[in-house]
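K.L.:
Give me a 3D structure for the following:
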Amino acid sequence: FLLELVMFTKLVVLAALLCSALPHAALAYSNVTVVSPPDLVNALDGGILYHKNALFGIPSYRETIAGRVVYATPGDRNGCDPINKTISTPPWPADENVIIMVDRGSCDFVEKVLNAENVEAIAVIIVDNRAWATDVPTMADDGKGHLVSIPSVVVTYATGRKIEDHIKNSPDDPVEVEMIWHVPRSDNKVVFEMWTSSHDINSEQLKRDFHEAMDIMAESIIFTPKFLFHDGRLNGCTGPNPHSWCAQYCTNHGRYCVWDTAAQGHAVKGAKLVEENLREMCVWQVVNATDNVEARIKWWDYVAKFLDDCSDDPQRWHDDCTSEALQQVGVSIAAVNQCMENSGGITKDQNNTIIEAMIAERKDKGVHWLPTMFINGDRHVGSWNCPHPIALERCNVLSAICAGFQPEHMPQPCLTSPGCDLGEERDVCGLCGGKGDTCLGCDGIPNSNVRNDVCGICGGTNTRFADCDSGSKGMGAGGVIGIVLAIVAVFAGVAFVYVRRQNKQMADIKSILSAYAPLDENGNASSQRGGGNDNGDGFSAVPTNDNSATGDDDVDSVYV
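P.N.:
Predicted coordinates:
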């Protein structure tokens, strides 16, 4: 059984490779052109090179890149060892961008490009080693493609030999090449389509991290996920005698299968992948049934939640885990289940309309690798790595999406300056998100470094107050002294008024108190208060009535 499955998987991969080599699949959405010398341009029919882009690296969507072609180290034309710049052919230019050319063979494509990037090449041209071939191979990622940040292409053997012959015969006549990548432009929205699977390990990190970009660009991007399904009817999984393993990898009585991850030894069988792929497609349909932008973001929320909570543990691939994930991100479980059932479900011996549409579209577009992306209808090339925090210079997918906008409709995140947070631009002072006022000179010019001198003269050279005079445009020493004296005078005046006011208030209080003091027999205020009984509170206890006749010895007093 295992041997049969492995052989079948190899046939599927081989078929994909053969399909990828067909002429229609080799169309590149980029231009690679030899612009000099003229005789080589003529020998190459105008200098335009037939090529195919690598499935890794980061093409330059913002601008054309240009450089001088240098062949790899003599003795290692394949570029599999570290490149020695001191013995390159022709000599390595000191003040120009370099595009390295290497031959195919002996090591992986990614390794060749990484070696070129390590010596600061801006791009790589790989020459096919099959002299008889009229097409070029697909430059696939070997698992280390996320480490590559420069673009690379592969050209035919015949093209490469013409360039190499010129370099050998005319080393003083440099070969200059220009490269540019295109994305069809739209007015105010870009169509972004991603082919994936619920356990597509290559796009897992993108699904987690690209949420950051979608949060602030959802109104500008029309996003649609697409999912890979295999047609079990073409692979012996239907009919009266299906293969014994089909039940584990297929649904709908063998109609729809996913077995690419089975070849990787993943514990989750293909039937579960078919179910989750259908569920994620239905999640997208449910959240897109509204014009609410925030609701559409919930597809990314669910996928990230599923990857974190359910995907890594085969024991968690069940309805309870997915239902919990849907509930936590706010997507209707009932609506998703209804969508899956209405499309045909996965258990009955019948077609599923959603999966049928995916199989037909995948065949029409020639999708054989995951992930595969289309931007405004064109196949995306280069790396799909998009590390957090997202930045244009590190996220090839976002860079390609931004290239799909007309300049006048470019959303703010696409204007992000290198090194700044998403959506921020550097001002004239070089500050991310700044207003351009932190580096203004006194002349109002950014970064002029013109300052006022000690006399207040813009651009002046005075360093001592003594050098300032009243006739200057700035303020002289006399003016400064005058201001100081004026300030002192103001403070003195305020203090004088305050003291006078306080003294007047104290005099008023004493006058009021004296009106209540007891008088002596001459009508003068007594100096002894309270009949010699000083209560210590400044008031006197004065007898008001003698009740001794009534036998009341108490003395009634009132305090005055």
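K.L.:
Against residue 294, how distant is the residue nearest in space to the middle of the chain?
P.N.:
When C-alpha atoms, centre = their mean is applied to the chain, the residue found nearest the centroid is residue 390 (1.9 Å). In this view, residue 390 and residue 294 are 19 Å apart by C-beta to C-beta, to the nearest Å. Yep, even glycine has a C-beta here, placed from its N, CA and C like the rest.
K.L.:
Then residue 218?
P.N.:
Relative to residue 294, and taking C-beta to C-beta, residue 218 is found at 8 Å.
K.L.:
Equivalent analysis for residue 132, please.
P.N.:
Distance of residue 132 to residue 294, given as C-beta to C-beta: 56 Å.
K.L.:
do the same with residue 417
P.N.:
Per C-beta to C-beta, residue 417 is found 28 Å from residue 294.
K.L.:
Tell me which of these two has more neighbours.
P.N.:
residue 417 (16 against 11; other C-beta atoms under 10 Å).
K.L.:
so who does the closest residue to residue 198 other than its chain neighbours touch?
P.N.:
Of all residues not flanking residue 198 in the chain, residue 276 sits nearest, at 3.8 Å (C-beta to C-beta, 6 or more residues apart in numbering). By C-beta atoms under 8 Å, 6 or more residues apart in numbering, the residues touching residue 276 are 198, 199, 306, 317, 322.
K.L.:
pretty sure residue 276 belongs to a helix, no?
P.N.:
Yes. Assessed by DSSP: H, G, I helix; E, B strand; the rest coil, residue 276 belongs to a helix.
K.L.:
What pLDDT does the model give it?
P.N.:
With respect to pLDDT, residue 276 scores 94.
K.L.:
Ok, residue 5 next?
P.N.:
Per-residue confidence (pLDDT) for residue 5: 42.
K.L.:
Same check on residue 176?
P.N.:
On pLDDT, residue 176 comes in at 94.
K.L.:
Same question for the one 3 residues further on.
P.N.:
pLDDT, the model's per-residue confidence, is 93 for residue 179.
K.L.:
I figured it hits residue 63, correct?
P.N.:
No. Taking contacts as C-beta atoms under 8 Å, residue 179 lies outside contact range of residue 63: 10.2 Å.
K.L.:
between those two, which one's more packed in?
P.N.:
Comparing residue 179 with residue 63 by neighbour count (other C-beta under 10 Å), the higher total belongs to residue 179, at 24 against 8.
K.L.:
Please determine how far the more buried one is located from residue 61.
P.N.:
Counting by C-beta to C-beta, the gap from residue 179 to residue 61 is 11 Å.
K.L.:
Then residue 275?
P.N.:
Using C-beta to C-beta, residue 275 is found at 37 Å from residue 61.
K.L.:
now do residue 218
P.N.:
Residue 218 sits at a distance of 21 Å from residue 61 (criterion: C-beta to C-beta).
K.L.:
Just the buried residues of the helix or strand hosting residue 334, please?
P.N.:
Element membership for residue 334, per DSSP states H and E: helix 333-342. Residues of helix 333-342 classed as buried: 335, 336, 337, 339, 340 (neighbour count, 16 or more other C-beta atoms under 10 Å).
K.L.:
What are the contacting residues of that helix?
P.N.:
With contact meaning C-beta under 8 Å, 6+ apart, helix 333-342 is reached by 278, 279, 282, 283, 285, 286, 323, 326, 327, 346.
K.L.:
Could you find which two of the buried residues of helix 333-342 are furthest from each other?
P.N.:
335 and 340 (10.0 Å; C-beta to C-beta).
K.L.:
Bridging across strands, which residues link to residue 152?
P.N.:
Under DSSP bridges, the beta-bridge partners of residue 152 are residue 124.
K.L.:
burial of it, as a residue count?
P.N.:
29.
K.L.:
what's it in contact with, if anything?
P.N.:
Contacts of residue 152 (C-beta under 8 Å, 6+ apart): 53-54, 56-57, 109, 112-113, 116, 123-126, 139.
K.L.:
What about the residues you listed, which are in strands?
P.N.:
The strands in this structure, assigned by DSSP state E, contain 53, 123, 124, 125, 126 from the contacts of residue 152.
K.L.:
Of those residues, which is the nearest to residue 188?
P.N.:
Using C-beta to C-beta, residue 53 comes nearest to residue 188 of the ones in strands among the contacts of residue 152, at 27.4 Å.
K.L.:
rewinding a little: contacts only, for the residue nearest to the centre of the chain.
P.N.:
Residue 390 is in contact with 209, 210, 212, 213, 398, 422, counting by C-beta under 8 Å, 6+ apart.
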